[in-house]
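Participant: Sharing a model prediction with you, sequence too.
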Amino acid sequence: MDRSFSPPAPAFKAFISIEKLKVKGYIISPRYWSLCHRHMDRDRELLGIGINGLEKAPTRIGGIGGLVDTYIARDAKIILKTLEGEHVEILDVLVLKHDFSRLSGEEIRRMLAIPSLLGRDVMRKFKLIYSKQRNMLL
């Protein structure tokens with residue numbers, strides 16, 4: 001469970017590696033089922049993903065705060081633990097960068113609370129089971 005959300009949200013942990021950017025680390029995401037995998041500002045900063053050297057995406061992603069600068073990290077490796085062991089996906093990941101220059105401190109705090117999303121392109125390969133009794137994804 002990710003207790004930073006109210007109410008706490010079911011979450012999963014995944015390991016991500018982007019060799020070209022020398023990035024490795026875990027992300028914890030309570031959200032999934034977006035069209036494609038995307039890293040939001042908080043995880044981008046925690047993992048140290050800089051946008052220099054990334055390819056700018058042909059279109060910007062639209063969200064709660066409007067359009068967001070969108071970049072592509074090619075050949076990212078995402079590792080998920082399953083009942084059968086580790087599952088490895090190699091895919092292009094969208095990296096988002098909001099323009100915080102026009103936002104208040106409270107708006108920035110809210111934007112940094114938005115989790116990364118694991119896309120349907122990966123999630124459709126799994127069956128997610130939520131245990132209300134254990135309050136977690138199994």
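Facilitator: Structure received.

Participant: spatially speaking, which residue is in the middle of this structure?
Facilitator: Against the mean C-alpha coordinate of the chain, by C-alpha atoms, centre = their mean, the closest residue is residue 116 at 2.2 Å.

Participant: measure that residue to residue 102 for me?
Facilitator: 23 Å (C-beta to C-beta, to the nearest Å). For glycine as for every other residue, the C-beta is placed from the backbone atoms N, C-alpha and C.

Participant: for this structure, which helix is longest?
Facilitator: Across the chain, the longest stretch assigned as helix under DSSP state H is helix 105-113.

Participant: hmm, back to that, got a pLDDT number for the residue nearest to the centre of the chain?
Facilitator: Note on residue 116: pLDDT of 76.

Participant: Which pLDDT value goes with residue 13?
Facilitator: Per-residue pLDDT puts residue 13 at 76.

Participant: sorry, that was for residue 127
Facilitator: 76.

Participant: Which stretches in the protein count as strands?
Facilitator: When assigned using DSSP state E, the strands of the chain occupy the ranges 12-18, 23-29, 31-34, 38-39, 55-56, 61-63, 66-82, 85-97, 117-119, 130-131, 136-137.

Participant: need those strands in JSON lines with mean neighbour count, can you?
Facilitator: Shown next, in JSON lines, are these (neighbours: other C-beta atoms under 10 Å):
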{"stretch": "strand 12-18", "mean neighbour count": "18"}
{"stretch": "strand 23-29", "mean neighbour count": "16"}
{"stretch": "strand 31-34", "mean neighbour count": "16"}
{"stretch": "strand 38-39", "mean neighbour count": "24"}
{"stretch": "strand 55-56", "mean neighbour count": "12"}
{"stretch": "strand 61-63", "mean neighbour count": "13"}
{"stretch": "strand 66-82", "mean neighbour count": "16"}
{"stretch": "strand 85-97", "mean neighbour count": "16"}
{"stretch": "strand 117-119", "mean neighbour count": "22"}
{"stretch": "strand 130-131", "mean neighbour count": "10"}
{"stretch": "strand 136-137", "mean neighbour count": "15"}
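
Participant: Rebuild these as TSV, extending it with distance to residue 49.
Facilitator: Formatted as TSV, the strands of the chain follow (distance: least, C-beta to C-beta, whole Å):
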stretch	distance to residue 49
strand 12-18	7
strand 23-29	5
strand 31-34	18
strand 38-39	6
strand 55-56	13
strand 61-63	16
strand 66-82	7
strand 85-97	6
strand 117-119	15
strand 130-131	29
strand 136-137	25
